[in-house]
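Return atomic coordinates for the entry below.
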Amino acid sequence: MNAYLLLAELTISIVLSLAVLAALSSPLVNMLRLTCPNEQAAAFWLAYTRVMLTITPLLFVLVVSAFASFATPFSDIRLAVIAALGGLLLGLRIIGKRMGGFVATPERKGS
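Residues are numbered from 1 along each chain as shown. Reported below is the predicted structural model:
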């Protein structure tokens, strides 16, 4: 495998992770402050989420690039983007499922 291609794939994964984290950080901090018993716990879970949303896409990209190689670099890059987005989707699904348990849904008045 070409080292430059692998570097490009990893860079794409990190950039996608940073974009998602930039979009989520502020709402996530607010949610964690409401659900965690203290500021230290909220800070821990924020750091944990950031690490997991960075590592999961990287892992997916590394696994996919180790087992798949196409004739053109564009196809390899496209597969890396798909793997990174799949990793982010899985990470967000797990976090959303966990955080969703702390959100109270309003009761509907009789109908």
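
May I see the buried residues of the helix or strand where L10 lies?
L10 belongs to helix 3-35 when assigned by DSSP states H and E. Of the residues in helix 3-35, those with enough neighbours to count as buried (16 or more other C-beta atoms under 10 Å) are 6, 9-10, 12-13, 16-17, 20-21, 24, 28, 31-32. All C-beta atoms are positioned from the backbone trio N, CA, C, and that covers glycine.

how far does that helix sit from the chain's center?
Remark: helix 3-35 is offset 6 Å from the chain centroid, using C-alpha atoms, centre = their mean, to the nearest Å.

so what does it touch, helix or strand wise?
Judged by 3 or more C-beta pairs under 8 Å, 6 or more residues apart in numbering; DSSP states H and E, the packing partners of helix 3-35 are helix 39-67, helix 73-100.

got TSV for these, with distance to K109 too?
Listed next are the helices and strands packed on helix 3-35 as TSV, based on distance: least, C-beta to C-beta, whole Å:
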stretch	distance to K109
helix 39-67	33
helix 73-100	23
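
okay, the ones you listed in JSON lines with mean neighbour count and distance to P106 next?
Output for the helices and strands packed on helix 3-35, formatted as JSON lines (neighbours: other C-beta atoms under 10 Å; distance: least, C-beta to C-beta, whole Å):
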{"stretch": "helix 39-67", "mean neighbour count": "16", "distance to P106": "24"}
{"stretch": "helix 73-100", "mean neighbour count": "16", "distance to P106": "15"}
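
Show me the one of these that comes nearest R108.
The closest of the helices and strands packed on helix 3-35 to R108 is helix 73-100. By C-beta to C-beta, the value is 18.5 Å.

average pLDDT for the closest one?
Per-residue pLDDT over helix 73-100 has a mean of 90.

what's the answer for stretch 28-48, then?
Stretch 28-48 carries an average pLDDT of 90.

Figure out the length between the terminal residues of that stretch.
One end of stretch 28-48 to the other measures 12 Å (C-alpha to C-alpha, to the nearest Å).
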